[in-house]
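Asks: Quick one, structure for this:
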Amino acid sequence: MDNFLPDDLLTRLKEIGDVEIVVGIPSYNNARTIGQVVRAASAGLAKYFPQRKSLVVNSDGGSKDGTREVVLGAELDPDSLLLISHPVHPIQRISTPYHGVPGKGSAFRTIFAVAGQLNAKACVVVDSDLRSIAPHWVELLAGPVLDRQFDYIAPYYLRHKYDGTITNGIIYPITRALFGKRVRQPIGGDFGFSGRLAARYLEKDVWGTDVARFGIDIWMTLTAIAEGFRVGQSYLGAKLHDVKDPGADLTSMFRQVVGSIFGLMESYEAVWQGVEGSEPVPMFGFPFDVGVEPMTVNVERMTKAFCQGVNDLREVYQSFLSQETLEGLKTCTGQAGEEFRISDELWVHLIYECAAAYHHKKLDREHLLQSLVPLYLGRTASFVIQVRESNAREVEERIEQLCQVFETEKSYLAERWGLGAGKEKIHARTA
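Replies: Purely as a prediction, here's the structure:
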């Protein structure tokens, strides 16, 4: 399990000995923000788990801006904390380079291995570019694992209505419709999980794939759900990080995340074909309203990319999309300005047809995923136009409507996937 860890790290881990909690922070050139993340994690461990031995580990991808030095030099002022009891054990801290394919997943693999080497009962991972992290995040992500025997705790954030468009338009609805669990932020970036689940992740042979790049979050979530681990979510408030226009700079991330979920649909076909409906998962924390940072979205650029894609990639789409879906997309290109719409049913059929085409290898998978990008931009533009005047509650209701269509149209996917009729269904009970 640990043969990919460098010898000097293994030596250091032996010196530390067993711990109960590992907090992992993957990084690459995050010197500007990671100090605050380290201090918040250390404060959370000191305040909420003073009796438990713990370690903060930074898994770094070769930063050139002094990230690792910031991690090791970040000091926590104990006088600034109101502690009921002071920590019995000093909070250990290490920073190590990871090895393998460059990406977040490879960084996580090192964190999983460190947790396994130290026999950790709970592990928490948090992003290194967070500006909203607070000490109580550690308690909300690790507490249910340590005290209530949960194996996986996903985050639940309040986000700007234009943020998280890949999650809202594709990943959350598919996770819910196929696997029956309403994990609202399946690619949120900050998670808690048990030592036994970390060990299970390490057993998987995925570390040379896109999972090792940007596909790790959805892979972790769906592996936990599909393999029957106990899953919950914790309310963390706002997630403030370096937000981007969903129409810009997301192409590689989009391909890798969507490719990962399509691949997981293949891996766990026997699971999702027997699931019907969906159910909530337990929620920890106290939901409260928080302000989110403003975001601007260039709708005109996205609709232009969509229309150009439908026209330029017509022959590509003809190789895997139905005639009805093609005609629906063509109709959308004739809509202008605030009238532009891609309906929920058209979008759901489109995604399910793409997933089936990926499964049947109707064309090169990278080309298929690349061709989906302009269609995703069009759907995002349609969503932005529809919710421009909506408040947070109304936006969530809008996403709920989309999820319902993904669930009711699941048979559409099954037909194109090639699943036989008459399979026994497992109904997800609504709690």
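Asks: Which other helices and strands does the helix or strand hosting residue 370 contact?
Replies: Residue 370 is part of helix 365-387 when elements are defined by DSSP states H and E. Helix 365-387 is packed against helix 165-166, helix 251-267, helix 299-312, helix 314-318, helix 323-333, helix 344-360, helix 392-408, with contacts defined by 3 or more C-beta pairs under 8 Å, 6 or more residues apart in numbering; DSSP states H and E. Every residue, glycine included, has its C-beta placed from N, CA and C.
Asks: Out of those helices, which gets nearest to residue 137?
Replies: Closest of the helices and strands packed on helix 365-387 to residue 137 is helix 392-408, at 20.8 Å (criterion: C-beta to C-beta).
Asks: so how far is that closest one from its chain's centroid?
Replies: Offset of helix 392-408 from its chain centre (C-alpha atoms, centre = their mean, to the nearest Å): 19 Å.
Asks: follow-up on the earlier one: any buried residues in the helix holding residue 370, and which?
Replies: By 16 or more other C-beta atoms under 10 Å, the buried positions in helix 365-387 come out as 365, 368-387.
Asks: One more: stretch 260-277?
Replies: 260-265, 268-269, 271-273, 275-277.
Asks: Tell me which residues of stretch 220-237 come out buried.
Replies: In stretch 220-237, counting by 16+ other C-beta under 10 Å, buried: 220-226, 229-237.
Asks: And for stretch 307-317?
Replies: 307, 309-310, 313, 317.
Asks: C-terminal to the helix or strand encompassing residue 37, which secondary structure element comes first?
Replies: Per DSSP H and E: residue 37 is located in helix 31-48. Next helix or strand after helix 31-48 toward the C-terminus (DSSP H and E): strand 54-60.
Asks: how big is the angle separating that following strand from helix 31-48?
Replies: Interaxial angle, strand 54-60 versus helix 31-48 (axes from the mean of the first three to the mean of the last three C-alpha atoms, to 10 degrees): 160 degrees.
Asks: Check which residues of strand 54-60 are buried.
Replies: Buried residues in strand 54-60, defined by neighbour count with 16+ other C-beta under 10 Å: 54-60.
Asks: Could I get the pLDDT score of residue 86?
Replies: Here the pLDDT value assigned to residue 86 is 51.
Asks: can you count the residues close to residue 321?
Replies: 21 (other C-beta atoms under 10 Å).
Asks: any idea of the pLDDT on it?
Replies: pLDDT at residue 321 comes out at 97.
Asks: how far away is it from residue 415?
Replies: 15 Å (C-beta to C-beta, to the nearest Å).
Asks: Lovely, talk soon.
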